[in-house]
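S.K.: give me a model of this one.
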Amino acid sequence: MSQRRVVVTGLGATTPLGGDVDSTWKALLAGQSGVRLLTEDWRELLPVHFAARVATEPADQMERVEMRRLDRSEQFALVASREAWKDAGSPDEVDKERLGVVIASGIGGVITLLDQFVNLNEKGARAVSPHTVPMLMPNGPAANVGLELQAKAGVHTPVSACASGAEAIGYAFEMIKNNRADIIVTGGVEAAIHQLPMAGFAAMKALSTRNDAPARASRPYDVDRDGFVLGEGGGILVIEEYEHAKARGAKIYCEIGGQGLSSDGYHIAAPDPDGSGVQRAIKFALENSGLSTKDIVHLNAHATSTPAGDVAEANALRKALGADADHVAVSATKSMTGHLLGGAGAIESVFIVKALQDRLAPPTINIENLDPAVTVDVVRDTPRQLPAGDIAALNDSFGFGGHNVVLAFKSL
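M.R.: Residues are numbered from 1 along each chain as shown. The predicted model follows:
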């Protein structure tokens, strides 16, 4: 493996908790929920009447003429990428042939697809937007960011369901390690709060149906959890080769140590109960980062609030970390953001970076009765101070199809 080191130099976000990183992080530490009742009439067609929409609409951050040619997922990508690029110092002087973009989406422009299908059926072909195909492409978010930045080292879109955002960051990390780029804008976004995707997840019995208490619906590790809450938005990181970042005087948040990838080979939508795939991914992430289980003090869990998934993950964490799991502060931030699908692993990586910077593990809310099958150390209700000195943290993400991704981050 190359000795090139990879660091984080910029962060961007648009989430159910805020329109940028700062507002999102403050709300997260305060234990606020971004879950709200839907206002659309179509909610009455569904057994679920709530979701976690972004707190700040793209219309408040972009020109409307620009929005007309973009799917909602592409709008999220541009909003968050612009923030991250500015946070990185707007390094417009970088060699464009060494600048890349790797941004994931698990579903792509599904809202565009469904809305344009209605236009076709109700009004005919002339009513279909000429921007339809570019708007519905899964690579649309990455492509639009790449065009804006004139990135020429490669523009890529990993698609691995709810692991997509984390896999994008891992892919970007490998590009820099292997000298294919010096600086990359990476992360994941999703915009799927629409009647058909929600109906599909509801038909699988994957969504919580707590219509009487939406803010308390996402409750990872609680004994009475009944499914996840669909969210939208995303997170973006600017990552960079260490010497390249130093040479231009960039602010450096932390280092990405490595990644671990595996697959379950078990079921299209259910986790392997023995957690062996997750354990392998953690093992690989630690090995690739030169870390041991003793170095890990914090973990942002995938923990979606499903009955089977939360326990399978917690058991895998306990097995992978062994006795050292006792000193790992586990946060389940989907309790506040909902599940951003392809954007989840990306925004949760932003949370890891902020946790290392502020030495605070965010809380998990809505745990009224901790499931006795969960034996990891869950941070509940209020943030927890992390140790001083050199520390490391993990972010794990899993996707339908059995995809497992674990990213390791180190303080600097």
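S.K.: so where's this structure uncertain?
M.R.: Counting by pLDDT under 70, the chain has low-confidence residues at 1-2.
S.K.: going along the chain, name the strands of it.
M.R.: Using DSSP state E, the strands of the chain run over 6-14, 36-37, 50-51, 99-104, 155-156, 183-190, 233-241, 254-263, 296-300, 329-331, 360-361, 384-385, 392-399, 403-410.
S.K.: the stretch 51-200 of the chain: helices as residue ranges?
M.R.: Using DSSP state H, counting those that start in this stretch, the helices found in the stretch 51-200 of the chain span residues 64-67, 72-87, 110-123, 132-136, 140-149, 164-177, 195-203.
S.K.: which of the ones you listed sits closest to Lys96?
M.R.: helix 140-149 (7.8 Å; CB to CB). Glycine gets a C-beta too; all of them are placed from N, C-alpha and C.
S.K.: and the angle for the closest one with strand 99-104?
M.R.: Counting by axes from the mean of the first three to the mean of the last three CA atoms, to 10 degrees, helix 140-149 lies at 160 degrees to strand 99-104.
S.K.: could you give the angle of helix 140-149 to helix 110-123?
M.R.: Here the directions of helix 140-149 and helix 110-123 differ by 110 degrees (the same axes, to 10 degrees).
S.K.: number of nearby residues for Leu407?
M.R.: Using other CB atoms under 10 Å, Leu407 has 27 other residues around it.
S.K.: so it versus Ser305, what's the distance?
M.R.: In this view, Leu407 and Ser305 are 21 Å apart by CB to CB, to the nearest Å.
S.K.: ok, now Gly170?
M.R.: Noted for Gly170: a distance of 25 Å to Ser305, by CB to CB.
S.K.: redo the strands of the chain as TSV? Include distance to Ala285.
M.R.: Compiled in TSV, the strands of the chain are given as follows (distance: least, CB to CB, whole Å):
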stretch	distance to Ala285
strand 6-14	14
strand 36-37	35
strand 50-51	31
strand 99-104	18
strand 155-156	20
strand 183-190	17
strand 233-241	16
strand 254-263	3
strand 296-300	10
strand 329-331	16
strand 360-361	18
strand 384-385	22
strand 392-399	7
strand 403-410	4
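S.K.: buried deepest among the ones you listed, which one?
M.R.: Comparing the strands of the chain by mean neighbour count (mean count of other CB atoms under 10 Å), strand 183-190 ranks first with a mean of 34.
S.K.: what angle sits between that strand and strand 6-14?
M.R.: Angle, strand 183-190 to strand 6-14, by the same axes, to 10 degrees: 40 degrees.
S.K.: quick one on the thing from earlier: who wins for proximity to Ile347 among the strands of the chain?
M.R.: Nearest to Ile347 among these is strand 233-241; the distance by CB to CB comes to 3.4 Å.
S.K.: helices or strands up against the closest one?
M.R.: Using 3 or more CB pairs under 8 Å, 6 or more residues apart in numbering; DSSP states H and E, the elements in contact with strand 233-241 are strand 6-14, helix 72-87, helix 164-177, strand 183-190, helix 344-358.
S.K.: in a markdown table, list the ones you listed along with distance to Ala202.
M.R.: Listed next are these as a markdown table, based on distance: least, CB to CB, whole Å:
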| stretch | distance to Ala202 |
| --- | --- |
| strand 6-14 | 25 |
| helix 72-87 | 20 |
| helix 164-177 | 22 |
| strand 183-190 | 17 |
| helix 344-358 | 19 |
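S.K.: out of these, deepest packed?
M.R.: Ranked by mean neighbour count, these are led by strand 183-190 with a mean of 34 (mean count of other CB under 10 Å).
S.K.: quick one: strands adjacent to that one?
M.R.: strand 99-104 (parallel), strand 233-241 (antiparallel) (DSSP bridges).
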